[in-house]
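Student: Any chance you could fold what I've pasted below:
(2 chains)
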Amino acid sequence: NAGVTQTPKFRVLKTGQSMTLLCAQDMNHEYMYWYRQDPGMGLRLIHYSVGEGTTAKGEVPDGYNVSRLKKQNFLLGLESAAPSQTSVYFCASSYPVGSNYGYTFGSGTRLTVV
Amino acid sequence: DAKTTQPPSMDCAEGRAANLPCNHSTISGNEYVYWYRQIHSQGPQYIIHGLKNNETNEMASLIITEDRKSSTLILPHATLRDTAVYYCIVRVQQAGTALIFGKGTTLSVSS
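Tutor: Numbering: from 1, shown residues only, chains lettered A, B, ... in the order given. I've put the predicted structure just below:
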């Protein structure tokens, strides 16, 4: 049982390049989330999904797109990377609302845009 | 979701109890109090949550005041490995909601 796995762990992009971050969970969780964390700051919600085929915007969605084609995977895309998107990206998953289980987070993807 | 107020930093001696306060004076009747922590640069880790009763698990205890306007997370015997940023979050448990993090409290445990 790996929990939540994020790939890649590190990446350096040039301004304007695109990339996709992959989040995979093996806990059969319905809900999945993408957060970003800038130095000295708390986590900010980018996008989230309450089930396969559904996505919704969070606090800071601009510049990102997401897809949830399979229940276990949640992809975060950057179409044209900007230096302001340099951050640590965390994925999380959880059971549906009402469960006693909290969120399970991945170990993060450290992205630098130069 | 209601906002929370936490002290930016706290210190604790190893082996002592760490009591982390959180103010959530505008909490609604259907909002739960959640606590998470983030050790160094790892992903946040769930600690405990509650609605109005005090809660205890293998990691910590959560004390919620009777008026629910504040709460305290208690780590009974803090260790060096408990040094982390602790986040207090209030959240309605309904479909489509997500955890919104603030800046949290940095707890430093020293020997």
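
Student: Quick check on the most centrally placed residue in chain B: phi, psi?
Tutor: The residue lying closest to the centre of chain B (Cα atoms, centre = their mean) is B:Trp35, at 3.4 Å. B:Trp35 adopts backbone torsions of phi -130, psi 130, taken as degrees, to the nearest 10.

Student: residue contacts, it?
Tutor: Contacts for B:Trp35 were tallied using Cβ atoms under 8 Å, 6 or more residues apart in numbering or on different chains; they are B:20, B:22, B:47-49, B:60, B:62, B:73, B:86-89. Using the backbone N, CA and C atoms, a C-beta is placed for each residue, glycine as well.

Student: how does it look with 7 Å?
Tutor: Contacts of B:Trp35 were listed using Cβ atoms under 7 Å, 6 or more residues apart in numbering or on different chains, and they are B:47-49, B:62, B:73, B:86-88.

Student: Likewise for A:Met27?
Tutor: By Cβ under 7 Å, 6+ apart, the residues touching A:Met27 are A:3, A:93, A:104.

Student: That one and A:Gly3: what is the separation?
Tutor: 7 Å (Cβ to Cβ, to the nearest Å).

Student: cool, A:Leu22 as well?
Tutor: Counting by Cβ to Cβ - A:Leu22 and A:Gly3 are separated by 14 Å.

Student: I am finished for the moment; much appreciated.
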